[in-house]
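**Student:** task: produce atomic coordinates for the following.
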Amino acid sequence: MRSNNILIVDLDGTLTKGGEDLIESRIKASLLSIKSCGWTIMLATGRDRKYLMGRADLKGLFAAWVSEAGLSIYLPDTGVYRCFADEAWSMMVKKFLTLHFVEEKENTIAFRLEYLDIVRAETMRLGINAVFKDNKGMVILLPEGVDKAFGVKEALKLLNVDGFLVAIGDSNVDLELFDIADFKAAVANAEKALKERADYVAEHENGDGVVEIIQALLSRN
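**Tutor:** Now for the predicted structure:
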């Protein structure tokens, strides 16, 4: 296994403002600068692989996409893909797609927080062990034991990489990343729980905060 510095970064609310906002050129340049210093860069996001493959702004940046908040992994350079959902999970997801309020992802669903009680009751009725990750009011449904940290660890195995790990995030769904990170950083618009646990809180929001954090990391070397 190769030893390397590893940067894990969230997408919406961290690299970008969210929605269809793209990674700006100066932010891409910052990511490429730390990559050129030998760092392994990974994306950890609630977005799914199919959506990410349509984003030209992601090309050439990341060694791995940890997608659907850890439920799936994609290595862009090789096309290797892993999903950690079993057949029972997939069948449950299909049943939820009949509900008008769900957003379909490649291997799961997401929904607004106001519908949590309905979805929780239905998972219990179906006998599925599930967890609910709240990402600033949008909840993603995951199998028990799956989160961004789980996905990152599995991706590192595929990449055959280990080493000093830095995590950058903005939402409570990134908290598990902080559990496995050697250095924890939050952008200025991050939720309170992340800021309280961070080793470094950026003065700037979103991608500008990521640039600030990368500059701080490189100045340490």
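
**Student:** which helix or which strand is home to Ala121?
**Tutor:** If you go by DSSP states H and E, Ala121 is part of helix 116-126.

**Student:** tell me the mean pLDDT for the helix or strand following that helix?
**Tutor:** In the C-terminal direction, the helix or strand that comes right after helix 116-126 (DSSP H and E) is strand 130-135. Per-residue pLDDT over strand 130-135 has a mean of 92.

**Student:** which parts of strand 130-135 are buried?
**Tutor:** Counting neighbours by 16 or more other Cβ atoms under 10 Å, one finds that the buried residues in strand 130-135 are 130, 133, 135. Where C-beta positions appear, they are placed from N, C-alpha and C, glycine not excepted.

**Student:** buried ones in the strand or helix carrying Asp179, by neighbour count?
**Tutor:** Using DSSP H and E, Asp179 sits in helix 175-180. Buried residues in helix 175-180, counting neighbours by 16+ other Cβ under 10 Å, are found at 175-178, 180.

**Student:** what is the mean pLDDT for the longest helix along the chain?
**Tutor:** Here the longest helix in the chain is taken by residue count, with DSSP state H as the criterion, and it is helix 206-220. Mean per-residue pLDDT for helix 206-220: 95.

**Student:** do the same with stretch 34-41
**Tutor:** Within the predicted structure, the mean pLDDT of stretch 34-41 is 96.

**Student:** for that stretch, buried residues please.
**Tutor:** Buried residues in stretch 34-41 (16+ other Cβ under 10 Å): 34-35, 39-41.

**Student:** just stretch 209-221 next, same as before
**Tutor:** For stretch 209-221, a neighbour-count test (16+ other Cβ under 10 Å) marks 209-214, 217 as buried.

**Student:** and what of stretch 158-173?
**Tutor:** Residues of stretch 158-173 classed as buried: 158-159, 161, 165-173 (neighbour count, 16+ other Cβ under 10 Å).

**Student:** okay if I get the buried residues of stretch 34-41 as TSV plus distance to Pro143 and secondary structure?
**Tutor:** Supplementary listing: the buried residues of stretch 34-41 in TSV, determined by distance: Cβ to Cβ, whole Å; DSSP: H, G, I helix; E, B strand; the rest coil:
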residue	distance to Pro143	secondary structure
Ile34	32	helix
Lys35	32	helix
Trp39	30	coil
Thr40	26	strand
Ile41	26	strand
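
**Student:** check those and tell me the two furthest apart.
**Tutor:** Of all pairs drawn from the buried residues of stretch 34-41, the greatest distance, 9.9 Å, lies between Ile34 and Thr40 (Cβ to Cβ).

**Student:** okay, and the common contacts of those two?
**Tutor:** By Cβ atoms under 8 Å, 6 or more residues apart in numbering, Ile34 and Thr40 have these common neighbours: Leu7.
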